[in-house]
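3D model of this:
(one chain, ligands or ions: 1)
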Amino acid sequence: MEIPFIKMHGLGNNYVFVDTFEFNLAEEILPALARKVSDVYTGIGSDGLILIHPSDQAEVGMRIFNKDGSEGRNCGNGLRCVAKYAYEYGIVKDTSFTIEAKSGVVDASVTVEAKKVSSITIDMGKPALLRSQIPMAGEEKEQVVAESFQVSHHPLELTAVSMGNPHGVFFVEDIQTAPLYELGPIITEDRRFPEGINVEFVEVVSKDELHFRVWERGSGVTQACGTGACAAGVASVLNGYSDKNSEILVHLSGGDLVIRWDDDDRVWMTGPADIIATGTFYY
Ligand SMILES: N[C@@H](CCC[C@H](N)C(=O)O)C(=O)O
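Prediction:
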């Protein structure tokens with residue numbers, strides 16, 4: 001099968017995208033196709049596969065599959081890439097439009113310079129904070145804020161946030177020495193998280209600035225995670241490090257995002273997206 005694709009990235013978090021407005025893919029091949037395109041030796045090499053699809057609920061839809069073939073419910077960097085594609089490839093005509101993800105419909109707005117999208121702002125919606133909404137084992141009505149979390153002799157503190165997908169945020173003194181490679185693969189599969197979790201280590205620089213590194217569920221270490229950066233901003237407010245309704249600059253390995261959790265409880269994410277290549281994948 002010859003599959004037309006476009007590869008895009010948001011701050012280095014890179015995916016192979018297939019526009020299913022143009023080329024239909026059978027449901028049953030999607031997990032295996034995601035694993036195949038993601039393989040750097042025998043595929044294209046990516047953090048996963050994203051479908052850009054027609055939607056009944058929004059002007060465009062997005063489905064995200066991680067590198068291991070599992071399907072995620074949301075993807076912040078993917079949403080910005082889909083927004084760029086939708087505008088530049090004429091799926092939408094206005095600079096503000098809606099995108100459907102598995103976790104719900106979001107509003108996107110693009111900034112255009114010389115006919116190209118230079119920046120995208122997404123209203124990522126309200127974070128879900130109850131333990132049952134993460135989901136995480138334990139008393140369902142509680143929030144999980146700076147909760148003691150022991151793993152492999154590391155006494156950590158967990159703040160858990162769902163941005164449509166689950167995030168465990170751990171504040172550390174120094175981002176450079178955060179045990180990302182040691183604990184990421186252990187925490188992501190910890191039995192306390194029945195659906196797994198995306199693992200974020202975060203260093204507070206000031207109330208307006210965070211350093212961030214991530215181990216993504218289903219993909220491992222990536223250069224950036226948009227929903228993770230939103231979760232880090234929310235966690236920083238919940239722990240009293242940052243203020244609500246104020247912009248937080250999040251430094252990820254691949255670049256910066258601006259996150260704001262507003263007084264209406266909505267989380268806003270602003271950042272870039274870039275096209276890397278287009279081509280044909282032989283499957
Ligand atoms: N890279 C993403 C999140 C992708 C999905 C995640 N690994 C999950 O399984 O929940 C982002 O930018 O948000």
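
Give me the neighbour count for G104.
Residue neighbour count, defined by other C-beta atoms under 10 Å, stands at 15 for G104. From N, CA and C alone the C-beta is placed, and that goes for glycine too.

For it, give me its contacts.
Counting by C-beta atoms under 8 Å, 6 or more residues apart in numbering, G104 touches 125, 164.

Across the sheet, point out what pairs with it.
Counting by DSSP bridges, G104 forms beta bridges with A101.

Do a quick rundown of the strands in the stretch 1-150 of the chain.
Secondary structure of the stretch 1-150 of the chain (DSSP state E, counting those that start in this stretch): strands at 2-10, 13-19, 48-53, 60-66, 71-72, 96-101, 104-113, 116-123, 147-151.

Let's have the ones you listed in a markdown table, adding mean pLDDT and distance to E200.
As requested, those are exported to a markdown table (pLDDT from 0 to 100; distance: least, C-beta to C-beta, whole Å):
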| stretch | mean pLDDT | distance to E200 |
| --- | --- | --- |
| strand 2-10 | 98 | 16 |
| strand 13-19 | 98 | 13 |
| strand 48-53 | 98 | 18 |
| strand 60-66 | 98 | 16 |
| strand 71-72 | 98 | 15 |
| strand 96-101 | 98 | 19 |
| strand 104-113 | 98 | 20 |
| strand 116-123 | 98 | 18 |
| strand 147-151 | 95 | 13 |
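
and of those, who's closest to the ligand?
Of all the strands of the stretch 1-150 of the chain, it is strand 71-72 that lies closest to the ligand, at 3.2 Å by C-beta to the nearest ligand atom.

What lies in contact with that closest one?
30-31, 48, 63-66, 102, 165, 217-218.

out of the residues you listed, which touch the ligand?
For the ligand, the contacts drawn from the contacts of strand 71-72 by C-beta under 6 Å from any ligand atom are 64, 66, 165, 217-218.

So what does the closest residue to S132 other than its chain neighbours have for phi and psi?
Excluding its sequence neighbours, the residue lying closest to S132 (C-beta to C-beta, 6 or more residues apart in numbering) is E140, at 3.7 Å. With angles defined as degrees, to the nearest 10, E140 sits at phi -60, psi -30.

Enumerate the residues of the stretch 151-283 of the chain near the ligand.
Checking the stretch 151-283 of the chain against the ligand by C-beta under 6 Å from any ligand atom, the hits are 165, 198, 216-219, 222, 225-228.

8 Å instead?
Residues of the stretch 151-283 of the chain lying near the ligand by C-beta under 8 Å from any ligand atom: 163, 165-166, 196, 198, 214, 216-219, 222, 224-230.

With the stretch 1-150 of the chain instead?
Residues of the stretch 1-150 of the chain lying near the ligand (C-beta under 8 Å from any ligand atom): 10, 13, 47-48, 64, 66, 70-79.
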